[in-house]
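K.L.:
Everything below, folded, please.
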Amino acid sequence: MIDSKTSVLIISDGRIGHIHRSEGLFEAINKFHSTSVRTLKISSNFLIPKALLPRLARILSPKLYLWFVHGLRGQAWRGMFDQRVDLIISAGGATLGANRALAVLADIPNIYIGKLRHIQRSDIALSLTPYAIRGTPVPRTLPVQPVKINPDDFPVPQQLGTLNDKSPFSLGVLIGGPTKDVPFNHADWKKLAELIKEIAELGHITLVISTSPRTPDIVYSLLGEGLGSNVSLIDFRTSGPNSAHPVFSCDAILVTADSSSMATEAIAARRPVIVLQSETPAQTADLAELERQQSENRLAILPLKSARAATIINGARTLEPLKLNHLDVLGATILEDLNWPFGTPDRMKEQKPETLQPAAIKPQIVILAGPSGAGKSTFIEQIKQGNGDPAIDAAITHAIAHWPLIEATNMLRDAITRQEHPDRFGTLFPKENFVLHYDITAIHRADYANFEADPVLSFLKSARIMGAVNIFPDRNVLLSQYVDRKNRRNRSKNIFRKAWRNLITPRLRKLNAFLFGTRFRPEAELYQSPTWLNSVYAEWCTYLNSTNSSNPSFPIFYFEPSKSTSDRITFDHLDQSRFFTPKSSQK
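P.N.:
Numbers count the residues shown, from 1 in each chain. Modelled structure (predicted):
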């Protein structure tokens, strides 16, 4: 029985964003129950790639994992439990294995903030994530990532006026720095400085700017040139962590797109948020989460190169900030899902946040299918840019542009297979509508007999299929696109990551297939056969049409990618009878 004060152990990898998520979870619990906290800072063996850590956590015993990966011998980790610990919390992939190992050794509940990767659900008492993509288990999705910001600590923001009425208001600016996925360059920083000066020169807007550990020196140089008296700068180099709080008191907030944590904090503060995007962002989970928030009209993503003072103000005026306190939702989730003997607070008995109510209807799904490298992601990007095919239903076009994206990965298949109740749709998929990004060649690489045997597709029975869009390239086009994509990915990696991906990963997959008695067939090998690809297309068409026959209302579209003279990929209509003859047409 847990007594009146709960003791929490936070496992930290030292990254500020991850620390803030764990602290946000602690604050949510502390709102409803008196809680104390201690922190265990860990580091990982630099020779072990981070992507391998969750796999090692499953293979190695907890004690061996803590020693081999984090250098924690028995005396070190046992010392953490000299004082009572009731709950373990962590965020970030580097902490996941340690979280699982310590919870198993101490036999206490644990919470992990993020995707479970290869860790079994039974080893994590509760996992929390805002992400509804990439095919990982999502037991609970949240309005925003857990962050420490408590919106009740800040004044209610005033309604923004138009650019012409000159009503005074304050604008916060959170500046991050370049990352591998969001490579802000000198031109981007120059444009940001010009935008800030343009807004400052309007005179009626007070700007509060805060930098971060990643902010490069060039930003300070550009900002230091002639800022007016209505602009204040919080310099992280001298102010340190947790110094950005004055920004969250502003009436609206600008955020650079490199940090989803900063954007999340601004949303959690219940402010209208404008995210300034660099010219060449990567398609990451963080970007997808920002797009999900944009679909909820909590923020707007604007290209930095075309941003102006008018577009910033007008965009912020149309947004609908978060109304609830995210810490209330988080605390209620923990009380409900872990069912701890805290005693439910009276105010939680009287009213639960609406976001925790179960979905009243089945989620709707749009299927986007094709072989790996077909151009499915490019198709999505073109629709988001307003270049979709007019023949596709407007509702489906809207879904592809705005709904969360779930990728049918092997991690998702493993997670479904491990489920004790495989018919419980909501435990692995979000309860809201989403787009299923499906690789039709995956069943052959994963050694499934047919599409009916794929665990991912079995879950379609628990949803309403709204439509299916298929991208079927010619074999030669597919091989060319596959090689181009592989080369682009390799160019973004350093020499060690290239060696790992090209030399080590294929051998590990072959070893895994040998140990578990399955086949390993890489895409490049499968695509070499001149007839194999068309047979897969025909097999998928047969499966879709058989699914369609039981639900004839959802439309199916077929497209073939090709390159125009400008090297831009276009998508042309494709007749499915090239691969498949529907029963109604057969003699």
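
K.L.:
switch to C-alpha atoms for all contacts and neighbour counts from now on
P.N.:
Fine.

K.L.:
For burial, what's the neighbour tally of Cys35?
P.N.:
You called it Cys, but residue 35 is Thr. Using other C-alpha atoms under 10 Å, Thr35 has 16 other residues around it.

K.L.:
Now do the same contact list for Leu436.
P.N.:
Going by C-alpha atoms under 8 Å, 6 or more residues apart in numbering, Leu436 touches 365-368, 405-408.

K.L.:
Looking at those, which one is closest to Asn534?
P.N.:
Asn534 lies nearest to Leu368 out of those, by C-alpha to C-alpha, at 17.9 Å.

K.L.:
Packing partners of the helix or strand harbouring the closest one?
P.N.:
Here Leu368, judged by DSSP states H and E, is contained in strand 364-370. In terms of contacts (3 or more C-alpha pairs under 8 Å, 6 or more residues apart in numbering; DSSP states H and E), strand 364-370 is packed against helix 376-384, helix 394-402, strand 434-439, strand 464-471.

K.L.:
Partner strands of it and their direction?
P.N.:
Using DSSP bridges, the strands paired with strand 364-370 in its sheet are strand 434-439 (parallel), strand 464-471 (parallel).

K.L.:
Adding mean pLDDT, write the ones you listed out as CSV.
P.N.:
Compiled in CSV, these are given as follows (pLDDT from 0 to 100):
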stretch, mean pLDDT
strand 434-439, 87
strand 464-471, 86
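
K.L.:
Tell me which of those strands sits nearest to Arg317.
P.N.:
Closest approach to Arg317 among the strands paired with strand 364-370 (C-alpha to C-alpha): strand 434-439, 27.8 Å.

K.L.:
Any buried residues in the next helix or strand after that closest one, and which?
P.N.:
Per DSSP H and E, the first helix or strand lying C-terminal to strand 434-439 is helix 442-445. Neighbour-count burial for helix 442-445, counted by 16 or more other C-alpha atoms under 10 Å, picks out 442-445.

K.L.:
remind me which residues of the stretch 151-300 of the chain are low pLDDT?
P.N.:
Residue ranges of the stretch 151-300 of the chain with pLDDT under 70: 225-226, 280-285.

K.L.:
how about the helices in it?
P.N.:
Along the stretch 151-300 of the chain, the segments classed as helices by DSSP state H, counting those that start in this stretch run 186-200, 217-223, 236-239, 260-268, 285-295.

K.L.:
How about the contacts made by Lys148?
P.N.:
Residues near Lys148 by C-alpha under 8 Å, 6+ apart: 20-25, 27, 265.

K.L.:
how much space between it and Gly172?
P.N.:
Separation of Lys148 from Gly172 (C-alpha to C-alpha, to the nearest Å) stands at 18 Å.

K.L.:
for Phe81, same thing?
P.N.:
Taken as C-alpha to C-alpha, the span from Phe81 to Gly172 is 42 Å.

K.L.:
Neighbour count for the two, which is higher?
P.N.:
Taking neighbours as other C-alpha under 10 Å, Phe81 and Gly172 compare with Gly172 leading, 27 against 13.

K.L.:
so that one sits right up against Ile209, yeah?
P.N.:
Yes. With contact defined as C-alpha atoms under 8 Å, Gly172 counts as touching Ile209 (5.8 Å).

K.L.:
Give the intersection of the neighbour lists for those two.
P.N.:
Common neighbours of Gly172 and Ile209 (C-alpha under 8 Å, 6+ apart) are Val247.

K.L.:
Count the residues that sit near Cys250.
P.N.:
Per other C-alpha under 10 Å, the neighbour tally for Cys250 reads 25.

K.L.:
for it, what are its contacts?
P.N.:
With C-alpha under 8 Å, 6+ apart, Cys250 has these contacts: 157, 169-172, 208, 271.

K.L.:
One more pass at 10 Å, please.
P.N.:
154-158, 169-173, 206-208, 266, 269, 271-272 (C-alpha atoms under 10 Å, 6 or more residues apart in numbering).

K.L.:
Over to Glu296?
P.N.:
By C-alpha under 10 Å, 6+ apart, the residues touching Glu296 are 143, 290, 319-322, 402-403.

K.L.:
Just the buried ones out of those residues, please.
P.N.:
Neighbour-count burial (16+ other C-alpha under 10 Å) applied to these gives 143, 290, 319, 321-322, 402-403.

K.L.:
Same list (the buried residues of helix 442-445) but as a markdown table, adding distance to Ser61 and pLDDT.
P.N.:
Listed next are the buried residues of helix 442-445 as a markdown table, based on distance: C-alpha to C-alpha, whole Å; pLDDT from 0 to 100:
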| residue | distance to Ser61 | pLDDT |
| --- | --- | --- |
| Ala442 | 31 | 84 |
| Ile443 | 31 | 83 |
| His444 | 32 | 79 |
| Arg445 | 30 | 72 |
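
K.L.:
Lys376: which of those residues is nearest?
P.N.:
Scanning those for proximity to Lys376, where the rule is C-alpha to C-alpha, the winner is Ala442, at 14.5 Å.

K.L.:
And that closest one, how far from Asn470?
P.N.:
Between Ala442 and Asn470 the distance is 15 Å, computed by C-alpha to C-alpha.

K.L.:
quick one: Val456 and Tyr448 touch, right?
P.N.:
No. Under the contact definition of C-alpha atoms under 10 Å, Val456 does not touch Tyr448, with a separation of 11.6 Å.

K.L.:
These two - which one has more neighbours?
P.N.:
Shown here are Val456 and Tyr448; by other C-alpha under 10 Å, Val456 has more neighbours (22 against 15).

K.L.:
what pLDDT does the more buried one get?
P.N.:
Predicted confidence (pLDDT) for Val456: 81.

K.L.:
Same check on Glu407?
P.N.:
As predicted, Glu407 sits at a pLDDT of 82.

K.L.:
What's opposite it in the beta bridge?
P.N.:
When assigned by DSSP bridges, Glu407 has beta-bridge partners His437.

K.L.:
And Arg78, how far from Ala103?
P.N.:
Arg78 is 12 Å from Ala103, by C-alpha to C-alpha.

K.L.:
Tell me which of those two has more neighbours.
P.N.:
Neighbours around Arg78 and Ala103, counted as other C-alpha under 10 Å, are more numerous at Ala103. The numbers are 22 against 14.

K.L.:
Next, give phi and psi for the more buried one.
P.N.:
Main-chain torsions, Ala103, degrees, to the nearest 10: phi -70, psi -40.

K.L.:
Surely it is in contact with Phe81?
P.N.:
No. In this structure Ala103 lies outside contact range of Phe81 using C-alpha under 10 Å: 11.0 Å.
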